[in-house]
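1. my questions are about this predicted structure, shown below with the sequence.
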Amino acid sequence: MNLFNLLDVSGSALLAERQRAEVVASNLANAETTRTPGGGPYQRQEVVFGTLRVTAPSFGEAFDAADNAVRGVQVVKVVTDPTPPVRRYDPSNPDADSQGFVEYPAINAAAESVDMIEASRAYQLNVDAVQATKQMITQALTILNNA
């Protein structure tokens, strides 16, 4: 397998986890948003990951059996969580209905924090994988240079 393909795999994961972290941050930032431009409260968003075919190796090399199995990760889409809003009694809120209830986003701050930690750790693991791959490439070049 081409070592540069490993960089492509980790790079795709870095991009996907960054987007996941941005979506989670948006969810946390809008946890109390009761009115959006589209009407109604903010709705929680989630990312859907999928596989990504890694491009052909550089330098005109042909794919081998291992390269055919190489896949990266990508964000296929960002979907809206269908969980209905949470109703809270707050008659002083300008968004309250005639009975004094306000609809708030169904966002659990603890669950979102866990998602953020997971995205952060996955991102860091892929940074470590990129560093390890770079070290392997450097060592391979050093060996070839000394041969």
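-> Here it is on my side, so go on.

2. any low-confidence regions in this protein?
-> Judged by pLDDT under 70, the chain has its weakly predicted residues at 1, 54-70.

3. center of it - which residue?
-> Arg20 (2.4 Å; C-alpha atoms, centre = their mean).

4. so after the helix or strand harbouring that one, what's the next helix or strand?
-> Assessed by DSSP states H and E, Arg20 sits inside helix 3-29. Following helix 3-29 in sequence order, the next helix or strand is strand 45-53 (DSSP H and E).

5. which strands and helices lie in contact with that next one?
-> For strand 45-53, the elements it packs on are helix 3-29, strand 71-80, judged by 3 or more C-beta pairs under 8 Å, 6 or more residues apart in numbering; DSSP states H and E. C-beta coordinates here come from the backbone N, C-alpha and C atoms, glycine included.

6. partner strands of that strand, with direction?
-> Sheet pairing here is set by DSSP bridges, and for strand 45-53 it gives strand 71-80 (antiparallel).

7. okay, the angle between the longest helix along the chain and strand 71-80?
-> Assignment by DSSP state H gives helix 109-146 as the longest helix of the chain. Compare the direction of helix 109-146 with that of strand 71-80 by axes from the mean of the first three to the mean of the last three C-alpha atoms, to 10 degrees and you get 160 degrees.

8. and helix 109-146, how far out from the chain middle?
-> 15 Å (C-alpha atoms, centre = their mean, to the nearest Å).
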